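Colleague: Got a sequence here, can you model it:
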Amino acid sequence: MPEKYKELLEKLYKEVKQVKVTERFEVPEVKSHVEGTKTIIINFSQICSVLRRKPAHLAKFLMRELAASGLVDGEKGERLTLNRKLSSEKINEKINAYVTEFVICPECKKPDTELIKEGEFLFLHCLACGAKHSVRAKIV
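Modeller: Residues are numbered from 1 along each chain as shown. Next up, the predicted model:
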């Protein structure tokens, strides 16, 4: 009986259409340009929207990690202006570090999370699996 099962299984694998797995969560690449000594991230609000995080939180993280002062400007925080010349690659690298620390659930690896502040501690709560983890970095 097991041989027949293996034959049927192999036959089934040959007949089934292979499905290409694509990631539903994709962080947009930074669109930035340098004006003098300043770097302006044009699509900052789009990045915050995809990550579902407040622009002030991501801006504070980027300013600390990139050792640059800056401000969120535009009507609805569309842009982030950093007072330093930076490459898009360096900014993307720091945004990916932010995603690892503050967005992706360590348990199920899904981006369906929210940040919850309890007292002096910040927690990453996963809406998909229900896990709750403390966040090491201190950005409020």
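
Colleague: so after the helix or strand where Tyr5 lies, what's the next helix or strand?
Modeller: Counting by DSSP states H and E, the element that carries Tyr5 is helix 2-15. Next in sequence after helix 2-15, counting helices and strands by DSSP H and E, comes strand 32-35.

Colleague: Past that following strand, which element shows up next along the chain?
Modeller: Next helix or strand after strand 32-35 toward the C-terminus (DSSP H and E): strand 38-41.

Colleague: Quickly find the element holding the residue nearest the centre of the chain.
Modeller: Note on the chain: the residue nearest the mean C-alpha position is Val99, at 3.2 Å, using Cα atoms, centre = their mean. Secondary structure from DSSP H and E places Val99 in helix 88-102.

Colleague: How about Thr81?
Modeller: Thr81 belongs to strand 79-82 when assigned by DSSP H and E.

Colleague: Pull up the pairing partners for that strand, direction included.
Modeller: Strand 79-82 sits in its sheet next to strand 38-41 (antiparallel), strand 70-73 (antiparallel), going by DSSP bridges.

Colleague: May I have it as CSV, with CA atoms only?
Modeller: Provided in CSV are the C-alpha atoms of strand 79-82 (Å, rounded to 0.1, in the frame of the first residue of the first chain):
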residue,chain,number,x,y,z
ARG,A,79,8.9,64.4,3.4
LEU,A,80,11.7,63.9,5.8
THR,A,81,14.6,66.4,5.6
LEU,A,82,17.9,65.2,7.1
